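>>> Need the 3D shape of this:
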Amino acid sequence: MQLQYTTLAQVCYHFSMTQDIAKASLEALSFLKAHKAGVLATVSREGRPHASAVYYTCDDKFSIYFLTLASSRKYM
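Numbers count the residues shown, from 1 in each chain. A predicted model of the protein is given here:
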């Protein structure tokens, strides 16, 4: 039975309960590769939250790549 997740947080939570790190890593990577859009959330030095939708790609080492302008908060 394959479980269906709608967020990466659900993948992490499910496998934190089972403590199967290798399987959790594979599921998380599969989730990232199955999707191309996500939300990048940051907090400013003053404590203000900011979230932006991004299109991304990732590699097998969990590096996530996206394009942004140097003038945006995502760049920092």
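>>> make it CA atoms for all contacts and neighbour counts henceforth
Noted.
>>> so residue 58 sits right up against residue 65, yeah?
Yes: contact criterion CA atoms under 8 Å: residue 58 and residue 65 qualify, at 6.0 Å.
>>> can you count the residues close to residue 61?
A count of nearby residues for residue 61, using other CA atoms under 10 Å, gives 7.
>>> so it sits in a helix?
No: under DSSP: H, G, I helix; E, B strand; the rest coil, residue 61 falls outside any helix and is assigned coil.
>>> gap between it and residue 4?
23 Å (CA to CA, to the nearest Å).
>>> Could you point out the helix or strand that follows the longest helix anywhere in the chain?
For the chain, the helix with the greatest residue count under DSSP state H is helix 21-34. Scanning forward in sequence from helix 21-34 by DSSP states H and E, the next helix or strand is strand 37-43.
>>> Report the inter-axis angle for that next one versus helix 21-34.
Interaxial angle of strand 37-43 relative to helix 21-34 (axes from the mean of the first three to the mean of the last three CA atoms, to 10 degrees): 110 degrees.
>>> what lines up beside the helix or strand immediately after strand 37-43 in the chain in the sheet?
Next helix or strand after strand 37-43 toward the C-terminus (DSSP H and E): strand 49-55. Sheet pairing of strand 49-55 (DSSP bridges) gives strand 37-43 (antiparallel).
>>> what does the partner strand rub up against?
Strand 37-43 has contacts (CA atoms under 8 Å, 6 or more residues apart in numbering) with 49, 50, 51, 52, 53, 54, 55, 56, 74.
>>> Distance check, the nearest residue to the fifth one once chain neighbours are set aside against residue 20.
Pointing back at residue 53 there. Of all residues not flanking residue 53 in the chain, residue 39 sits nearest, at 4.5 Å (CA to CA, 6 or more residues apart in numbering). Counting by CA to CA, the gap from residue 39 to residue 20 is 26 Å.
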